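Chemist: Need the 3D shape of this:
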Amino acid sequence: MSGGGANATLILVFGILSLVLPCIGVPFGITAWILGNMARRELDEGFGDPSLRSQVEAGRILGIIGTILWSLCCLGYFAFYTLLVMAAGTSSWRSF
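Modeler: You can find the predicted model right below:
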């Protein structure tokens, strides 16, 4: 055990980065989410400083929100550009 909450600051920073970095914030969000779950489990088992729980939870939740937000945005961009390419491929390029 790494002493639950020992990485509370790192989890919080990764959670914040997941919100402020468009699309490339997804790996930070996933990391904050996973580390936050591990730290929360360790804190529940009585390891680490219980006063860090709020910091761990905040980072974890920000990581979840950032992951979902930017994943949806990236999927939206991908869908938009896929439709754009498909529309360009099916349109006729005749000159008048």
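Chemist: R60 and I11 touch, don't they?
Modeler: Yes - the criterion here is CB atoms under 8 Å, and R60 meets it with I11 at 6.4 Å. (Glycine included, C-beta is placed from N, CA and C.)
Chemist: so what sits against both of these two?
Modeler: Counting by CB atoms under 8 Å, 6 or more residues apart in numbering, the common neighbours of R60 and I11 are A32, L35, G36, A39.
Chemist: Identify, by residue count, the longest helix of the protein.
Modeler: When the chain is parsed with DSSP state H, its longest helix is helix 53-90.
Chemist: Against which helices or strands is that one packed?
Modeler: If contacts are counted by 3 or more CB pairs under 8 Å, 6 or more residues apart in numbering; DSSP states H and E, helix 53-90 sits against helix 8-20, helix 26-44.
Chemist: Name the residues that touch stretch 32-40?
Modeler: Contacts to stretch 32-40, defined as CB under 8 Å, 6+ apart, come from residues 4-8, 10-12, 14-15, 18, 48, 52-53, 56-57, 59-64, 66-67.
Chemist: could you redo the last one with a cut-off of 7 Å?
Modeler: Stretch 32-40 has contacts (CB atoms under 7 Å, 6 or more residues apart in numbering) with 4-5, 7-8, 10-11, 14-15, 18, 56-57, 59-60, 62-64, 67.
Chemist: Please name the nearest non-neighbouring residue to L12.
Modeler: Nearest non-adjacent residue to L12, counting by CB to CB, 6 or more residues apart in numbering: G59, 3.7 Å away.
Chemist: Spell out which residues sit in contact with the one you found, please.
Modeler: Residues in contact with G59 (CB under 7 Å, 6+ apart) are I11, L12, F14, G15, A32, G36.
Chemist: So which of those residues wins on neighbours?
Modeler: When neighbours are counted by other CB atoms under 10 Å, A32 leads those with 33 neighbours.
Chemist: quick one: contacts for the closest residue to it other than its chain neighbours?
Modeler: Nearest residue to A32, sequence neighbours excluded (CB to CB, 6+ apart): G63, at 2.9 Å. The contact partners of G63, taken as CB under 7 Å, 6+ apart, are F14, G15, S18, G29, A32, W33, G36.
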